[in-house]
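# based on what follows, work out the 3D shape:
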Amino acid sequence: MGIFDRFKSNKAARHKARDMSDAAERKTNEKTGDKYESQVDSGQQQMHQRLGMDDDRPDKP
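This is a model prediction of the structure:
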């Protein structure tokens, strides 16, 4: 079992990582004056998908 498999099975770790990711997104957008907001958001969404952090989203069909 790899480190990412353990991460995917640990819901508390996913929530903490999501909070940290959101904070990083806010800070990046603040530093760049929202100039790259769409690129930052796109990168964050891809990271969430690849790490399995979007599995517990309520808006997922």
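
# where do the helices of the protein begin and end?
For the chain, applying DSSP state H gives helices covering 3-9, 11-32, 37-51.

# those helices: lowest mean pLDDT?
Mean pLDDT is lowest for helix 3-9 among these, at a mean of 71.

# give the closest residue to Gln45 in space, chain neighbours not counted.
Asp54 (7.7 Å; Cβ to Cβ, 6 or more residues apart in numbering). In this view, the C-beta of every residue, glycine as well, is placed from N, C-alpha and C.

# that neighbour and Gln46, how far apart?
10 Å (Cβ to Cβ, to the nearest Å).

# what about the residue nearest to Gln45, neighbour count?
Asp54: 15 surrounding residues under other Cβ atoms under 10 Å.

# and it, how close does it get to Ser9?
Note on Asp54: its distance to Ser9, by Cβ to Cβ, is 15 Å.

# what sits against the most centrally placed residue in the chain?
In the chain, the centroid-proximal residue (Cα atoms, centre = their mean) is His48; its distance is 4.2 Å. By Cβ atoms under 8 Å, 6 or more residues apart in numbering, the residues touching His48 are Arg18, Ser21, Asp54.

# cutoff 7 Å now
His48 makes contact with Asp54 under the criterion Cβ atoms under 7 Å, 6 or more residues apart in numbering.

# next one: Lys8
Here Lys8 is in contact with Gly52 (Cβ under 7 Å, 6+ apart).

# now with 10 Å?
Remark: with contacts taken as Cβ atoms under 10 Å, 6 or more residues apart in numbering, Lys8 is in contact with Gly2, Arg14, Leu51, Gly52, Met53, Asp55.

# of those, buried ones?
The neighbour-count test (16 or more other Cβ atoms under 10 Å) marks Arg14, Leu51, Met53 as buried among the contacts of Lys8.
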